[in-house]
Structures are given as structure tokens and as C-alpha cells.
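S.K.: Curious how this folds, go ahead:
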Amino acid sequence: MTTSIEQVTRSHHAFGQVTALFDSYRAHYGQPRSRQLTSGWLRDQLTQHRMTIAAALDDGQACGFITTTVMPASLMLGTAWSIRDLYITPQRRRAGIARNLIQHVVNQARSAGAYRVSLQTEAANTAALRLYAAVGFQRVSDLETLNLTLPPGSHQNS
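M.R.: Got it, this is the predicted structure:
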């Protein structure tokens, strides 16, 4: 099989396939399946330029995807790219597809003049940690991740 990496837009022929994979990815992490809600959310993210999606395609069939966001790197007066989501169908794992998707993002970031590419994963996800280290990512030990979860309905209208 020949695997190609392609940027996915709302009108890309594989958008529906990527939506189905994204829905499976969410279900893997315990979220309820809803292809319609997933499709709408992905379309919104792409329309608002909040996210980009690249898909791994085997003979036109999506077998994985990676999403990224671009953020300001204020102190460097540049940009930093963040890999947000990476998913490969279970039957295609361990075939180098994740590595190819990551390399695709790194190459794009480099071409765009980004300062860095970052990602985060669960500490117990040893397979992912091994992959990321093999690609060249390094742990950042002097930073903490902090979250403030905003309950539904708590936002104020401005």
C-alpha cells in the first residue's frame, strides 16, 4: 500500500472519512459518538482557521490524521505549532504512519518559520512517548500544565 499525506479541507474528498476517524478517536477517549456533531465541530475549526488537519491516505482511504494549531510565540516574535490530535486506525498502527504524519507537520512548521512544535500526551502513554522521543521531541520538565475548567453555561455574554 502507498500512503500519502494530504491536507484536509472542508471540501476535500476525504473529509467525511476523517470525520469518522475523529469520531472513533473521541470514542476511544470515552466521549459519546456523534458523527454529525463531530463533522460540524471540525468544519467550524477549519472555517475559523483554528486548526489544520492532515490525513494519511492509503489508496484514497483515510487511515490516520493529525491536527495542529498555530499560536503566537510572543517572546520570540514568531509562532509555535502545537500537535493537538494524532490517531491511526488500529489495523494500521505500527506501520510508520504516525511518524510520517508528525514529520509532515514538522516540515510544514519549519517551512513556515515556526519557532517550535510541541505536543502533550498522557504520562502513561508509553508507546506515544517512545514515538515522540524517537522523532526528536524532548520532555519539558520546568513547566507545569494548568487548566481552569469552565462548566457549561458559566460563560458570560459580552
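
S.K.: in the helix or strand containing residue 36, what's buried?
M.R.: Using DSSP states H and E, residue 36 sits in helix 35-47. Across helix 35-47, burial judged by 16 or more other CB atoms under 10 Å covers 38, 39, 42, 45, 46. Yep, even glycine has a C-beta here, placed from its N, CA and C like the rest.

S.K.: same thing with stretch 92-103?
M.R.: 92, 95, 97, 98, 100, 101, 102.

S.K.: Looking at those residues, which is nearest residue 15?
M.R.: Minimum distance to residue 15 across the buried residues of stretch 92-103 is 16.6 Å, recorded for residue 101 (CB to CB).

S.K.: And for residue 14, the neighbour number?
M.R.: Per other CB atoms under 10 Å, the neighbour tally for residue 14 reads 20.

S.K.: Residue 49 now?
M.R.: 9.

S.K.: Please enumerate the helices of the protein.
M.R.: 15-28, 35-47, 97-111, 126-135 (DSSP state H).

S.K.: and these as JSON lines, adding mean pLDDT and distance to residue 83?
M.R.: As requested, the helices of the chain are arranged in JSON lines below (pLDDT from 0 to 100; distance: least, CB to CB, whole Å):
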{"stretch": "helix 15-28", "mean pLDDT": "96", "distance to residue 83": "13"}
{"stretch": "helix 35-47", "mean pLDDT": "96", "distance to residue 83": "14"}
{"stretch": "helix 97-111", "mean pLDDT": "96", "distance to residue 83": "6"}
{"stretch": "helix 126-135", "mean pLDDT": "93", "distance to residue 83": "9"}
